[in-house]
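Visitor: Sequence first, predicted coordinates after that:
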Amino acid sequence: MTFDAEVLPTAPAIDREILQWTDFAAASRELATRVRASDFHPDVVIAIARGGLLLAGAISYALGTKNCGSINVEFYTGIDERLPEPVLSAPMLDAPALAGKKVLLVDDVSDSGHTLALVMRLLGETAMEVRTATLYTKPRTVHVPDFTWRETDRWIVFPWSALPPVPGAPGANAPEAFADVSLDGAAEVSA
């Protein structure tokens, strides 16, 4: 049996927002400015890994906050696919070391908000105060961050995860659709 490529059904297009590195630089600086303008002075910046790692680093430099950490949480398993609940994974954050500290918790997006809510509960057990910052917030989130750069309902393509893993890496041959972001800002979907 042969198929005519022009009559084969195609996967529905995913409405995407493409974040370029230059936009990321401006957004992280803008978020740091908003944090400072709020008169919140974090003692430590905590990233939710992996999505929040680069943003947390950029914000901590902009704020002059040298104490940084991260916490590993797995929730997304693919494009718009997730586990039933977010799961903490090793290595674990030394939460008791945050006793009496003001913490800025950073992630790339508050989509469902369940990841931020989980980590907020954990950090709230020891930290004096915890506030949250994200690049993006989705309208359906259960946790609206204290600081956010932009609200969107689109699938976000971040510059650090726009391309599939390099050959030989786990997941390098996965058939997921990745956005190949060119230098001119256009995006092509590759499988």
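Guide: On my side now, so go ahead. Numbers count the residues shown, from 1 in each chain.

Visitor: and residue 169, how many residues sit next to it?
Guide: Residues lying near residue 169 (other CB atoms under 10 Å) number 9. (Each C-beta comes from the backbone N, C-alpha and C, glycine too.)

Visitor: how close does it get to residue 163?
Guide: Using CB to CB, to the nearest Å, residue 169 is found at 11 Å from residue 163.

Visitor: nearest residue to residue 118 other than its sequence neighbours?
Guide: Nearest non-adjacent residue to residue 118, counting by CB to CB, 6 or more residues apart in numbering: residue 86, 5.1 Å away.

Visitor: burial count for the one you found?
Guide: Counted with other CB under 10 Å, residues neighbouring residue 86 total 19.

Visitor: quick one: the helices in the chain?
Guide: 21-37, 53-63, 114-124 (DSSP state H).

Visitor: related to what we said a few turns ago, pLDDT value on the residue nearest to residue 118, please?
Guide: You'll see residue 86 listed with a pLDDT of 72.

Visitor: Kindly report the same for residue 136.
Guide: At residue 136, the model reports a pLDDT of 98.

Visitor: Isn't it up against residue 109?
Guide: Yes - taking contacts as CB atoms under 8 Å, residue 136 lies within contact range of residue 109: 4.3 Å.

Visitor: Between these two, which contacts overlap?
Guide: Both residue 136 and residue 109 are contacted by residue 156, under the criterion CB atoms under 8 Å, 6 or more residues apart in numbering.

Visitor: could you list every residue that touches the residue positioned nearest the centre of the chain?
Guide: Geometric centre of the chain, nearest residue: residue 108, 2.3 Å, by CA atoms, centre = their mean. Contact analysis of residue 108 by CB under 8 Å, 6+ apart lists 51, 52, 55, 134, 135, 136, 156, 158.

Visitor: Quick check on the first one: phi, psi?
Guide: It refers to residue 51. The phi and psi values for residue 51, taken as degrees, to the nearest 10, are phi -60, psi -30.

Visitor: count of residues packed around it?
Guide: 24.

Visitor: Show the contacting residues for it.
Guide: Shown in contact with residue 51 (CB under 8 Å, 6+ apart): 107, 108, 109, 158, 161.

Visitor: which of those are buried?
Guide: Burial by neighbour count, judged by 16 or more other CB atoms under 10 Å, picks out 107, 108, 109, 158 from the contacts of residue 51.
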